[in-house]
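Student: Quick one: sequence plus predicted model below, questions after.
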Amino acid sequence: MRNLGKLRIDGERLAARLDALAGIGAIEGGGCCRLALTDADKAGRDQVVEWMRELGLFVRIDAIGNIFGVRAGREDGAPVMTGSHIDTVRTGGRYDGNYGVLAGLEVVRVLNEAEVLTRRPLAVAVFTNEEGARFAPDMMGSLVHAGGLSLAEALAVRGIDGALVGDELARIGYVGDMPVGTIRPHAFVELHIEQGPVLDSEGVTLGAVDSLQGISWQELTIEGQSNHAGTTPLRLRRDAGFVAGAVTLFLRELAQRMGGNQLATVGRIELVPNIINVIAARATMTVDLRNTDAAALAEAERRLAAFTEDLARSEKVEIRSRRLARFDPVVFDTGIARRIEQVAGRLGHSIRRMTSGAGHDAQMMARICLAAMIFTPSVGGLSHNVGEFTRAEDLTAGADVLLHTLVELAEE
Ligand code: HGY
Ligand code: MN
Ligand code: MN
């Protein structure tokens, strides 16, 4: 087989594709908003499917809307897979998820141009609803693919806007005919921006990601009583707004007290009736807890439950918790992480081992095959923000390491 060592991706072509995809659902500040299963998500899907077909990939769509572009190998069998997601949060940047999908397509394009046929087939995946911003849990499509959530349960999920996954998937025309979980990869490697400050602050070009922290999402509904802001003495209040604030303050202090890698975030609070002179009757809020340590994450959940139980009693409100997502920390395949490091070294890029603070589709694929990730720096550690930025040379470096890692895995 010809010497593939000299193959490199075309960074300008990749950058142009990132710009083109970011133009779909574009929002002020250079980011994009393509919440899962919205018209913007459909438009992004349609564009990526068109690019897959232009590359001669065999496009298959499964019953939860996961898209797979498959490239034949010299032999049949389990493909080496890469990919990510193209749905975004509401304040999405142009790299989160998009980069991993488009770099996968650029790898295919380079191999097509070099007329290289790998031994194993290759596949580029676009997983449905990785963000979980509209429909929880996050990583929904890859979780269903990996057998961690039934198709029926996923289709029955109601989003924050009241829509059902099943209805929206049908509405955008992405209910595929391939049964979920059909494609069992030989290995899965996801290229993604770090979305945190580590690589950028250390001046390291790439991350070989060998683990990923645990995630706990819940929605708290706090039922109090609306009353007049000017006439109701404190002792008579059943103030859902105050309770939501008290929980938020408790969570920051909990993360500080627990230390280690404990994180706690209240990303959404909705008050009813949400009026200046009315004590809130109801508060609906989300709690996002994360920790690399499974026991510590469970401890954080326990302490929050105990706190809300006491608070409900003292404030004479009812507090209900609904679990939205719960994933233990994940360890990726050390062998693939080491291979990523070796490829990066051969290509002359600095690299370090690291864990992922964000959830990714790779954590679900690790349930069914060998998996690991490659990170590139996020300038200032910014992400889930339209100002998300990764330097062109780093984007290119990551895609080159993906290219050679995939080829090696496809030849082993
Ligand atoms: O929540 C996460 O970590 C990912 O962005 N879905
Ligand atoms: Mn992502
Ligand atoms: Mn994200």
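Tutor: Great, that's in hand. Source: prediction; values computed, not measured. Ligands and ions are numbered 1, 2, ... in the order given.
Student: Now do the strands in the stretch 201-350 of the chain.
Tutor: With DSSP state E, counting those that start in this stretch as the criterion, the stretch 201-350 of the chain has strands at 206-212, 214-223, 227-228, 263-265, 269-272, 278-279, 282-291, 318-327, 330-331.
Student: Highest mean neighbour count across the ones you listed, which stretch is it?
Tutor: Highest mean neighbour count among the strands of the stretch 201-350 of the chain (mean count of other C-beta atoms under 10 Å): strand 206-212, with a mean of 25. From N, CA and C alone the C-beta is placed, and that goes for glycine too.
Student: Tell me if that strand is near ligand 1.
Tutor: No: using C-beta under 6 Å from any ligand atom, strand 206-212 stays clear of ligand 1, with a minimum separation of 9.0 Å.
Student: Let me see the mean pLDDT of that strand.
Tutor: Per-residue pLDDT over strand 206-212 has a mean of 98.
Student: Briefly note if that strand comes near ligand 2.
Tutor: No: for strand 206-212, no contact with ligand 2 is found by C-beta under 5 Å from the ion; the gap never falls below 11.6 Å.
Student: ok so, going back, dump the strands of the stretch 201-350 of the chain to a markdown table, plus distance to E309.
Tutor: As requested, those are exported to a markdown table (distance: least, C-beta to C-beta, whole Å):
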| stretch | distance to E309 |
| --- | --- |
| strand 206-212 | 31 |
| strand 214-223 | 12 |
| strand 227-228 | 24 |
| strand 263-265 | 18 |
| strand 269-272 | 20 |
| strand 278-279 | 22 |
| strand 282-291 | 15 |
| strand 318-327 | 8 |
| strand 330-331 | 31 |
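Student: so which of the ones you listed comes closest to A43?
Tutor: strand 318-327 (26.6 Å; C-beta to C-beta).
Student: And stretch 129-142, how far out from the chain middle?
Tutor: On the basis of C-alpha atoms, centre = their mean, to the nearest Å, stretch 129-142 is displaced by 7 Å from the centre of the chain it belongs to.
Student: and if you look at stretch 267-277?
Tutor: On C-alpha atoms, centre = their mean, the centre of stretch 267-277 falls 28 Å from the chain's centre.
Student: circling back: out of the strands of the stretch 201-350 of the chain, which comes closest to I172?
Tutor: Ranking these by proximity to I172 (C-beta to C-beta) places strand 318-327 first, at 22.6 Å.
Student: who in the protein is up against ligand 1?
Tutor: By the criterion of C-beta under 6 Å from any ligand atom, the positions of the chain lying close to ligand 1 are E130, E131, G132, D138, A358, G359.
Student: Please repeat the previous calculation with a cut-off of 8 Å.
Tutor: Applying C-beta under 8 Å from any ligand atom, we find that the chain lies next to ligand 1 at 89, 96, 130-133, 138-139, 195, 215, 288, 290, 357-360, 384.
Student: and the closest residue to D361 other than its chain neighbours, which of the three is it?
Tutor: Counting by C-beta to C-beta, 6 or more residues apart in numbering, D361 lies nearest to S142, which is 3.8 Å off, once chain neighbours are set aside. Each residue gets one of three states, and S142 gets helix by DSSP: H, G, I helix; E, B strand; the rest coil.
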